[in-house]
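Engineer: fold the following.
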Amino acid sequence: MFTFAKNYTVAIGLMVVGLLADQSLAETQGLKKAKILPGWQNNDGSHTAAIEINLEAGWKTYWHTPGIAGIPPLFSFVGSNNLKDVVFEWPSPILFGDTDIWSIGYKNKLLLPMIITPQDKNKPIALNLQANIGICDKVCVPAEFPMSATLRPKRTKRDAKIVAALASRPKSKKAINAKEVICDFSMSEVGMVVTVDLSVPKLGKLEVIILNYEYPDFWVQSKMAERRGNILSGSGIISHSSGILAAIDRSKVALSVISEMTAADLGTCAK
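Structural biologist: All right, here's what the predicted structure looks like:
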């Protein structure tokens, strides 16, 4: 069975968020607390900060590619000042569910680091963030809430929680002893079919190879992987929102492998 996900974007603009965070949190089942950790300023003038989301025991939320039963997270920075760019540094997720209904995400909490570039590195960043995420236990509910923080220049003390989250990003291909990655491309009526064969020791009871395509307006479907000895095989379909797909840039097809125990980045399909 396929998971269906679209490349997500971050909205940055000038509209002011008017909700109170405490009101939104109090009204959302399963959500305990959410805030921005302001972090520190880096030598290049960018800031390392993080979104901290704490859930009730047993609840989970989702990775940027959430799987067949997951809800993709959306973050808007509309209303922020002195903000040029935001890059998320997602920590390693895990695989939930079974071969038919599965999702990818985090249990009990998510601490999501961000690398934030200001327009002027010598001025504070007024960060206004509107989060729209899915959280699940026995039921799944949408959670929408605002957060805000001021990131001040010349703040250099590092936050241990953010440092730990950065250290928990997906492992490298070498770290999981993965060998050759082979991608095969073929056109179908619904898009470009990508078949991936990976030589890697078993990572868990359930394993999935996730495809992501860097360009906007493309949709990616990923299928649960199958294993034959040390060979893990997965597949996906890349399609365009217009329905017309002329070509695919192999170097922009990013691959990850995820189990219920670990996650790793595999690089791209570029030869």
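Engineer: quick check: residue 163 is in a helix.
Structural biologist: Yes. Under the criterion used here (DSSP: H, G, I helix; E, B strand; the rest coil), residue 163 sits inside a helix.
Engineer: mind checking how far it is from residue 171?
Structural biologist: Applying C-beta to C-beta, to the nearest Å, one obtains 17 Å for the distance of residue 163 from residue 171. The way it works is simple: take the backbone N, C-alpha and C, and place the C-beta from them, glycine included.
Engineer: can you check residue 143 too?
Structural biologist: Per C-beta to C-beta, residue 143 is found 29 Å from residue 171.
Engineer: who's more crowded, those two?
Structural biologist: Neighbour totals were compared for residue 143 and residue 171, and residue 143 leads with 23 against 16 (other C-beta atoms under 10 Å).
Engineer: ok, now how distant is the more buried one from residue 29?
Structural biologist: Using C-beta to C-beta, we find residue 143 at a distance of 9 Å from residue 29.
Engineer: show me the domain layout of the protein.
Structural biologist: Taking automatic domain parsing as the reference, the chain has its domains at 2-167, 181-268.
Engineer: could these go into CSV alongside mean pLDDT and distance to residue 175?
Structural biologist: Putting the domains of the chain into CSV (pLDDT from 0 to 100; distance: least, C-beta to C-beta, whole Å) gives the following:
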stretch, mean pLDDT, distance to residue 175
domain 2-167, 86, 11
domain 181-268, 92, 7
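Engineer: my guess is residue 60 contacts residue 135. True?
Structural biologist: Yes. Distance between residue 60 and residue 135: 7.0 Å, which falls inside the contact criterion (C-beta atoms under 8 Å).
Engineer: for the residue nearest the centre of the chain, grab phi and psi.
Structural biologist: Geometric centre of the chain, nearest residue: residue 64, 2.8 Å, by C-alpha atoms, centre = their mean. With angles defined as degrees, to the nearest 10, residue 64 sits at phi -60, psi -30.
Engineer: who's in contact with it?
Structural biologist: By C-beta atoms under 8 Å, 6 or more residues apart in numbering, the residues touching residue 64 are 8, 72, 73, 88, 90.
Engineer: from residue 181, how far out is the second one?
Structural biologist: Taking C-beta to C-beta as the measure, residue 72 and residue 181 are separated by 25 Å.
Engineer: the last one now?
Structural biologist: Spatial separation of residue 90 from residue 181 under the definition C-beta to C-beta is 20 Å.
Engineer: what ranges does the chain have for its helices?
Structural biologist: Using DSSP state H, the helices of the chain run over 21-26, 160-167.
Engineer: and the longest one, which residues are buried?
Structural biologist: Neighbour-count burial for helix 160-167, with 16 or more other C-beta atoms under 10 Å as criterion, is recorded at 162, 165, 166.
Engineer: what sits against the first one?
Structural biologist: It refers to residue 162. 37, 39, 48, 49, 50, 111, 113.
Engineer: what are the bridge partners for residue 209, then?
Structural biologist: Note on residue 209: beta-bridge partners residue 257, judged by DSSP bridges.
Engineer: isn't it up against residue 254?
Structural biologist: No. Proximity of residue 209 to residue 254 does not meet the contact threshold set by C-beta under 8 Å, at 11.0 Å.
Engineer: who's more crowded, these two?
Structural biologist: In this view residue 209 and residue 254 are compared by other C-beta under 10 Å, and residue 209 has more residues nearby, 26 against 17.
Engineer: and the more buried one, what does it touch?
Structural biologist: When contacts are counted by C-beta under 8 Å, 6+ apart, residue 209 is found next to 196, 198, 222, 225, 232-236, 255-257, 266.
Engineer: going by distance to residue 68, which of those residues wins?
Structural biologist: Distances from residue 68 to the contacts of residue 209, taken as C-beta to C-beta, are shortest for residue 222 (8.8 Å).
Engineer: and that closest one, how far is that from residue 74?
Structural biologist: Note on residue 222: its distance to residue 74, by C-beta to C-beta, is 19 Å.
Engineer: neighbour-wise, which of those two wins?
Structural biologist: A count of neighbours by other C-beta under 10 Å puts residue 222 above the other of residue 222 and residue 74, at 27 against 16.
Engineer: gap between the more buried one and residue 196?
Structural biologist: Counting by C-beta to C-beta, the gap between residue 222 and residue 196 amounts to 10 Å.
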